[in-house]
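> Next one to model:
(8 chains)
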Number of protein chains: 8
Amino acid sequence: MNKDELKSILDDVAQGKISAEDAAVKFKTEPFEDLGFAKVDHHRGVRQGAAEVIYGAGKTKEQILKIVLAMLEHGEKSVLITRMGKEAYEYVSKEVPIFYDELSKVGIAGEKLPNENKIGKIVIATGGTSDIPVAEEAALTAEFYGSNVFRLYDVGVSGVHRLINSMDELATAKVVVAVAGMEGALASVVGGMVDCPVIAVPTSVGYGANFGGLSALLSMLNSCASGVSVVNIDNGFGAGYLANMINKI
Amino acid sequence: MNKDELKSILDDVAQGKISAEDAAVKFKTEPFEDLGFAKVDHHRGVRQGAAEVIYGAGKTKEQILKIVLAMLEHGEKSVLITRMGKEAYEYVSKEVPIFYDELSKVGIAGEKLPNENKIGKIVIATGGTSDIPVAEEAALTAEFYGSNVFRLYDVGVSGVHRLINSMDELATAKVVVAVAGMEGALASVVGGMVDCPVIAVPTSVGYGANFGGLSALLSMLNSCASGVSVVNIDNGFGAGYLANMINKI
Amino acid sequence: MNKDELKSILDDVAQGKISAEDAAVKFKTEPFEDLGFAKVDHHRGVRQGAAEVIYGAGKTKEQILKIVLAMLEHGEKSVLITRMGKEAYEYVSKEVPIFYDELSKVGIAGEKLPNENKIGKIVIATGGTSDIPVAEEAALTAEFYGSNVFRLYDVGVSGVHRLINSMDELATAKVVVAVAGMEGALASVVGGMVDCPVIAVPTSVGYGANFGGLSALLSMLNSCASGVSVVNIDNGFGAGYLANMINKI
Amino acid sequence: MNKDELKSILDDVAQGKISAEDAAVKFKTEPFEDLGFAKVDHHRGVRQGAAEVIYGAGKTKEQILKIVLAMLEHGEKSVLITRMGKEAYEYVSKEVPIFYDELSKVGIAGEKLPNENKIGKIVIATGGTSDIPVAEEAALTAEFYGSNVFRLYDVGVSGVHRLINSMDELATAKVVVAVAGMEGALASVVGGMVDCPVIAVPTSVGYGANFGGLSALLSMLNSCASGVSVVNIDNGFGAGYLANMINKI
Amino acid sequence: MNKDELKSILDDVAQGKISAEDAAVKFKTEPFEDLGFAKVDHHRGVRQGAAEVIYGAGKTKEQILKIVLAMLEHGEKSVLITRMGKEAYEYVSKEVPIFYDELSKVGIAGEKLPNENKIGKIVIATGGTSDIPVAEEAALTAEFYGSNVFRLYDVGVSGVHRLINSMDELATAKVVVAVAGMEGALASVVGGMVDCPVIAVPTSVGYGANFGGLSALLSMLNSCASGVSVVNIDNGFGAGYLANMINKI
Amino acid sequence: MNKDELKSILDDVAQGKISAEDAAVKFKTEPFEDLGFAKVDHHRGVRQGAAEVIYGAGKTKEQILKIVLAMLEHGEKSVLITRMGKEAYEYVSKEVPIFYDELSKVGIAGEKLPNENKIGKIVIATGGTSDIPVAEEAALTAEFYGSNVFRLYDVGVSGVHRLINSMDELATAKVVVAVAGMEGALASVVGGMVDCPVIAVPTSVGYGANFGGLSALLSMLNSCASGVSVVNIDNGFGAGYLANMINKI
Amino acid sequence: MNKDELKSILDDVAQGKISAEDAAVKFKTEPFEDLGFAKVDHHRGVRQGAAEVIYGAGKTKEQILKIVLAMLEHGEKSVLITRMGKEAYEYVSKEVPIFYDELSKVGIAGEKLPNENKIGKIVIATGGTSDIPVAEEAALTAEFYGSNVFRLYDVGVSGVHRLINSMDELATAKVVVAVAGMEGALASVVGGMVDCPVIAVPTSVGYGANFGGLSALLSMLNSCASGVSVVNIDNGFGAGYLANMINKI
Amino acid sequence: MNKDELKSILDDVAQGKISAEDAAVKFKTEPFEDLGFAKVDHHRGVRQGAAEVIYGAGKTKEQILKIVLAMLEHGEKSVLITRMGKEAYEYVSKEVPIFYDELSKVGIAGEKLPNENKIGKIVIATGGTSDIPVAEEAALTAEFYGSNVFRLYDVGVSGVHRLINSMDELATAKVVVAVAGMEGALASVVGGMVDCPVIAVPTSVGYGANFGGLSALLSMLNSCASGVSVVNIDNGFGAGYLANMINKI
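So this is what the prediction gives:
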């Protein structure tokens, strides 16, 4: 709750427009709608510049549908759903128009933004083919919020010429998302080639001593390149959201 | 080496201005100066938008001085040195004018930029008093590169009203750096209050099950707030560098 | 075995009411009934103020039913069963009246206590929707033992205004249970808002670097707020049992 | 900030006693005093039922003295300082009357509460002699806040008769603090003997595979006894604070 | 290959009974039979006092049968198979008489030793009901090799009177096997009650911060009781084998 | 891109054979074929002395087939596929002749090299029967590239005479691959017996405190024998590839 | 407290020799002497077959001396002190005759048992020279309790012939203690060569990925040899105590 | 002991040249000299192609000198000592001519091989300046055994052009040693640029989430490049020894 809202309510009280009691109630009840199992935050668009997103994992298909409907009814034009199982997609699609990408498990309920309005440039690079589902979660998220995305897949550091050959694309990016499993070195090499922020996404791709993504995570946190920061393992959404935020500054 | 430079050299060859042999030599010898123990990268300012920084840990005072001199002689006006021990500072100060902050172990050799030219706004917040050395490393780094920094120290989440009272400062930031040890919850709470990028810096402050900063690191990586990314434990420099990069977009 | 019981038996021996041999036997055989695969502790109600509970995980449906019957036959009015699979519930329900909550996998065999006799006030808060199964295990346990429970779900710290809006409920609690996965910051923020004990329950909700709940666990153990203590990951029962204990002091 | 305070300020505004602007200022400036490196929270006594405590680790002796003076000047009669080095004690003692326990590194500046006013009963047990410094931190903290403490030291589970012989003391406690390193089994055994809350404090006592207290920590979190919760490794203060809170309910 | 065998072969060479070449061959080919996928060690009975055992996990049912047949043909009367799936049991049972315990997945192919010939006394104790499968693997192994086993199940430390009531059985054991998951405190408490070796078997029973048995493992390794040693998590066979070895000294 | 290739292109430019623009294009487009989801590297044979291999895990059967076809069409005679599921094998086998080993999940599409042309000698040893799948991945890889392989399976260190009996085979190897799970001691014992490089492959074989191969991995990294290096857990391919590389020097 | 003692006291009560009250007191006060910071257990010799030992780490020299004196006064002829710093040794030696081994930090206060009375045979083997301090702690402990010890040092598995050459000594041992750091393979190789119990002691000797002894610990827990059990890292005392226990059966 | 030696001794016995008893003695006493605290292996030169090396860490200066003397007296011309403290160097230098490199703590007692006889080519690359001590341990070891070494220091992947500029040197290496801390990506990038074996040495250089070298270690184990294997953290000696072994094939 920012200072302006606070002051405005206090002014109303001072001028007798609302009672102190009502003001207290106002503070308490406004910002979200309570569905019992979830508090849907309709003010977040104002507060954080983006409508709330539904994290599908751990929610039933019924819960997902209810939240989607609450958000659409409240005026949202489209709703992003991540980690959405195919079954949930099919359940929701019976009630609401919905785009669904099976690889990344991303759903977009309601209207889908036309591509022509996208702005800026985010390059999303992956070390290998198996990192693509996470990269697509990032890409679809950034596009959902209105950013242009350039996909640069399978450019892992063991064949560093593949990266160098894409120097032009990297050089014109406003922000780069580097998605890699195994040793996660992509972030460091890219970080040394560009002068824009690099968001590193470790993936759980690999086996054995990758320990579910720990290897790539530590690698990226210890990057010797400057301008690199890291999100959670497999967190394509987080990277796409942040990349869009930076891209739009 | 970006495409323009590549093409320019190739053009010179094509027009007979330089021989193919010289071009190959050019590719090999230009970008850095070899001090034996270190390759000082004088092209980095061009390539990455910022001169190379000296990471003082693990370098002798003699090595630090040599690199500083090589950089100043090569035309840098001032050189940032992080993790610089007091002894190294005193050694270097005999040869070169140098600013030194003992708390954060940051040194700035050569000219120090006047404060009035700083632009934008970075808020650097800490959970507690013990996190300040890391925060100052971030703050001095960002200021070195020309960013305005607002310090908001000791606003840990166990007294959440302290944070809320600084809502105004947070709301006007272009980027926030959240520095915290122990449970590292500061990043999530701040992340939920602002709509700009939040760079989270876990610190090794704490004891027992904080496992040298692991607790804050995991906490920040798992942040439920969007727009948060993480750098290495105690990596104030990395956060300050990235914050400046975003602040200047 | 407390001092009074010990002295009473010794007195009986001293007065010749029972022989020394019988006393030794008494020490050995009284406190529990041996079902072969389990020793059911009928004295625990006396010793610890609460009847023994059946931890259903790792027990067959036949074993669960046998223990339930032994306890009911021994005079217990109702028996709490945690981590009870649906199949076990259906098996037991054929022999004994039983309440079952599928979400939290809690069963209550025998009589269910009427709600009107509940006392005190325990607030059980969760960071998100996915934490509710663990929270319900805590809530049903506390209610089973006679405590009033107020459920405050989906109030995670990335939207800290949701918590602040529930300040009234929190302020009147005798004890708060904070259930959260991911970064587990809920415990610290709540801990800073109330002056009663806070029992923190880390959950395994999340992915990647949450490492099965380790992230929330470390976060809660390192809480910078005072008055916070922690139980095992996903241990709703333990939190509910302890909350009831404190609520009834 | 609780509801009553909120409503009272709003009422003042409504009745014209203070302007809306002043109210907003009031919200922002009241609760703490800013020393630059620390925000001293003078309202916490009201909000949380106990004055703020100084965590000495990571603070210079000058910082500790400044906070102590700020608190005493603001009306606190005595101030608890934990993890206070001997040097800091000697520095503070020149300006302020102070009690200091070298073993636990606990200092109490200002008046020390007379022992006769202590209420309730907290039993603080340790597994061995080496756990005593942590136990004393807990004991002195609980006594500082006005609780009676019974010390039961060196009653580790490898000689379980020592514990059984103290059954009387345990049986009359309102809360027990179990302090143990190595395998940390004390919490489980005590937890099975009493019907009051047990606060378990793992210590870093031990070597090799105790991994700095991890062994005792995991042991206590996995306790098969009910009513046990855990604080951070070596966190005597946290246990003493919470024990006092429960003891005084 | 012990010294006597070595000297005997060398003597044969010296006396011309066998050639040097044959001796070299003898060293190489004698001790085991090569089935291609496994080298069955028929000399181990001589060398280690017990015939080789088949560890069933990771072997196909066909491989298990082939090894069983090779051993029986070579003169073994009965063969112990651990971690044997039900399907493998059924497959083998068509060709060879076999005893099978589904709970512990132990099979005994060939003759089963009559119980009356068992000697000594091994007490195998468990913390709870869920630890019984591991305990039975230990018990059946020790019985297979000819030891008497006394089973003392569900005597976990949170009800320490159950253990004390079995003092007689523990006091007459030559060796105790303590099987426990969760906090694994059983080993320490038992270790303090007896003056014979205690073999501790951590189990993976539990959840959350037990991390697959790590909690019990560390607990047992850090036992403050003397005379306690530890085998791998869930390694009932190892404990039973070693217990039999000690029991028969 | 090595110096000769670079110089050759530059020479062409200098002599006007190709324009600078074309040279830049050449640098960018030559080395790989872009299938959208993968960049197939046809120059790798030149650059690294071996054609690219397909890592089947995380790729769909359709993707695998497409890459195989692209490589065969580009002139490769045969293509190695590791971690290839049976379903993928069956799918590919409809279009291309393919050899498949179900145990190690290795496929070889196209021609299979005749065995008579193999050179050198690689000994591949395993600790037990369960390590054979990983060993076969190594063996088939080394054979694919033209090396002779001697298989020495089930020679774990608990029966050290089995290893000693194979001294002849070990002594004539140019490189040894030691494959072992559990305690992974095979690498150290073999390392002390030979004077050629030993490549250690930890496997995830085992249970409990082997933590998915961590035990063998640490063991091998800490080997007290010289000449031992380590690849990732279960990485038979990596060991076979490197062994072939050394064998062919 | 064993059954005989219990029955004997009860009999005394039954026969009026002592009152019930006195019996209760007897139960409570007999078994140990309370020094305030330690409860010295004078009954342990009866209960566990060995007098209590002083673990010197974490105790002041004054505390150690007080416990030594209390034990000698209570009739002990000699007292074993482990992890005793040199300063503590010198302090104690002024009051009591004491033997001290600086390498292993073992002290024996009072009389030292003459070597001729030692019985049985324990072989204590080490992997290298750096493991000797831990081995000596084991050896001196076992000798203190009356066992014969044969030292077999620096026989690590990378030179397996050194071990084979000591086959005679190993073959005649009643129990073997295998002390090793780094990869800890000694336990497995020895375990495969003997048919008596092997007690494995991992040491913290090594660097890097030995992680303070974790490598050797996991290696030994996962030993593929039967008859091997493990004590804590660097726990020479525990191994020596248990070896003596088994040696004397 | 290889087959030829075995057969030769057996032949001597068969021909009556030595008795069976003497042969057994021969097997036992020949291969090493027992200094009490160490068994010096004079046969290792024969068995493994290189004389034994002294690992200085954990040995006293007196022990190091004694082993050096024993080896020189036994005919070694020079002895390599790693991890040798300066004090030990000074102590040894009084008795024996010795070369000492303070940075890498490597000593070479006796004659130092002239540089002109070195053969082959090993490239040793480091990511940064702080990795040089480990790299020098590798370089001096390889040179000690007669290999040519090319040092390529401070070529970390964040400035990938530095590596590309050294392509010529890399392309002509017979084996490359890649030494790097932090994220350890050097091994993968180099591994993709060369077609010879790459030995990766993770270093403990870095801070925070590098966890003492774990980050670089995992990174290197998970390298997506083929032909890469890994030695222990900071194990320069191991890498140099193995590189020499491969270089000399």
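> What is the lengthiest strand in chain A packed up against?
Longest strand of chain A, by residue count under DSSP state E: strand A:119-126. The contact analysis (3 or more Cβ pairs under 8 Å, 6 or more residues apart in numbering or on different chains; DSSP states H and E) places strand A:119-126 against helix A:132-144, strand A:147-152, helix A:167-171, strand A:175-180, helix A:186-193, helix A:236-247. Using the backbone N, CA and C atoms, a C-beta is placed for each residue, glycine as well.
> CA atoms only for the third one - export them in CSV, please.
Once non-C-alpha atoms are left out, helix A:167-171 reads as follows in CSV (Å, rounded to 0.1, in the frame of the first residue of the first chain):
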residue,chain,number,x,y,z
MET,A,167,27.6,-12.6,-31.5
ASP,A,168,25.4,-10.2,-33.5
GLU,A,169,22.2,-11.4,-31.9
LEU,A,170,23.7,-11.2,-28.4
ALA,A,171,25.2,-7.8,-29.0
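> residues of it that come out buried?
By 16 or more other Cβ atoms under 10 Å in any protein chain shown, the buried positions in helix A:167-171 come out as A:M167, A:L170, A:A171.
> which of those residues lies closest to F:V134?
A:L170 (38.0 Å; Cβ to Cβ).
> Now A:M71. Nearest residue, chain neighbours left out?
Leaving aside its sequence neighbours, A:M71 sits nearest to A:V79 (Cβ to Cβ, 6 or more residues apart in numbering or on different chains; 5.0 Å).
> ranges for the helices of chain A?
A:3-14, A:20-29, A:44-48, A:61-73, A:86-93, A:132-144, A:160-164, A:167-171, A:186-193, A:214-221, A:236-247 (DSSP state H).
> residues of the fifth one that come out buried?
Of the residues in helix A:86-93, those buried by neighbour count under the rule 16+ other Cβ under 10 Å are A:A88, A:Y89, A:Y91, A:V92.
> For my notes, please list these in a markdown table and give pLDDT and distance to A:N210 for each entry.
Formatted as a markdown table, the buried residues of helix A:86-93 follow (pLDDT from 0 to 100; distance: Cβ to Cβ, whole Å):
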| residue | pLDDT | distance to A:N210 |
| --- | --- | --- |
| A:A88 | 96 | 29 |
| A:Y89 | 97 | 30 |
| A:Y91 | 97 | 34 |
| A:V92 | 97 | 34 |
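> Span of stretch A:176-195 from start to end?
End-to-end distance for stretch A:176-195: 10 Å, by Cα to Cα, to the nearest Å.
> how far out from the middle of the chain is it?
Distance, stretch centre to chain centre, for stretch A:176-195: 19 Å (Cα atoms, centre = their mean, to the nearest Å).
> next one: stretch A:123-132
On Cα atoms, centre = their mean, the centre of stretch A:123-132 falls 16 Å from that of its chain.
> re earlier: with just CA atoms, put the longest strand of chain A into PDB.
The C-alpha atoms that make up strand A:119-126 are tabulated as PDB, following Å, rounded to 0.1, in the frame of the first residue of the first chain:
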ATOM      1  CA  ILE A 119       9.000  -4.300 -27.900                       C
ATOM      2  CA  GLY A 120      12.700  -4.400 -27.100                       C
ATOM      3  CA  LYS A 121      14.800  -7.600 -27.400                       C
ATOM      4  CA  ILE A 122      15.400 -10.500 -25.100                       C
ATOM      5  CA  VAL A 123      17.800 -13.200 -26.200                       C
ATOM      6  CA  ILE A 124      17.100 -16.600 -24.600                       C
ATOM      7  CA  ALA A 125      19.900 -19.000 -25.100                       C
ATOM      8  CA  THR A 126      20.100 -22.700 -24.100                       C
END
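> For that strand, give me every contacting residue.
A:132, A:134-135, A:138-139, A:142, A:146-156, A:163, A:166, A:169-170, A:172-180, A:186, A:190, A:240, A:243-244, A:247-248 (Cβ atoms under 8 Å, 6 or more residues apart in numbering or on different chains).
> and the angle for it with strand A:147-152?
Computed by axes from the mean of the first three to the mean of the last three Cα atoms, to 10 degrees, the angle separating strand A:119-126 from strand A:147-152 equals 30 degrees.
> would you turn the helices of chain A into JSON lines with distance to D:S223?
Listed next are the helices of chain A as JSON lines, based on distance: least, Cβ to Cβ, whole Å:
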{"stretch": "helix A:3-14", "distance to D:S223": "46"}
{"stretch": "helix A:20-29", "distance to D:S223": "39"}
{"stretch": "helix A:44-48", "distance to D:S223": "40"}
{"stretch": "helix A:61-73", "distance to D:S223": "34"}
{"stretch": "helix A:86-93", "distance to D:S223": "38"}
{"stretch": "helix A:132-144", "distance to D:S223": "38"}
{"stretch": "helix A:160-164", "distance to D:S223": "52"}
{"stretch": "helix A:167-171", "distance to D:S223": "53"}
{"stretch": "helix A:186-193", "distance to D:S223": "41"}
{"stretch": "helix A:214-221", "distance to D:S223": "28"}
{"stretch": "helix A:236-247", "distance to D:S223": "35"}
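> Enumerate the residues of chain A near chain B.
A:1-3, A:47-50, A:53, A:167-168, A:171, A:174, A:192-197, A:199, A:217, A:221-222, A:226-233, A:237-239, A:241-242, A:245-246, A:249 (Cβ under 8 Å from any Cβ of the partner chain).
> now do 6 Å
When proximity is defined by Cβ under 6 Å from any Cβ of the partner chain, chain A lies next to chain B at A:2-3, A:48-49, A:167-168, A:171, A:195, A:197, A:199, A:221-222, A:226-227, A:229-232, A:241-242, A:245-246, A:249.
> Return a ChimeraX selection command for the buried portion of these.
In ChimeraX syntax, the buried subset of the residues of chain A next to chain B is picked out as below (16+ other Cβ under 10 Å):
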select /A:48,167,171,195,197,199,221,222,226,227,229,230,231,232,241,242,245,246,249
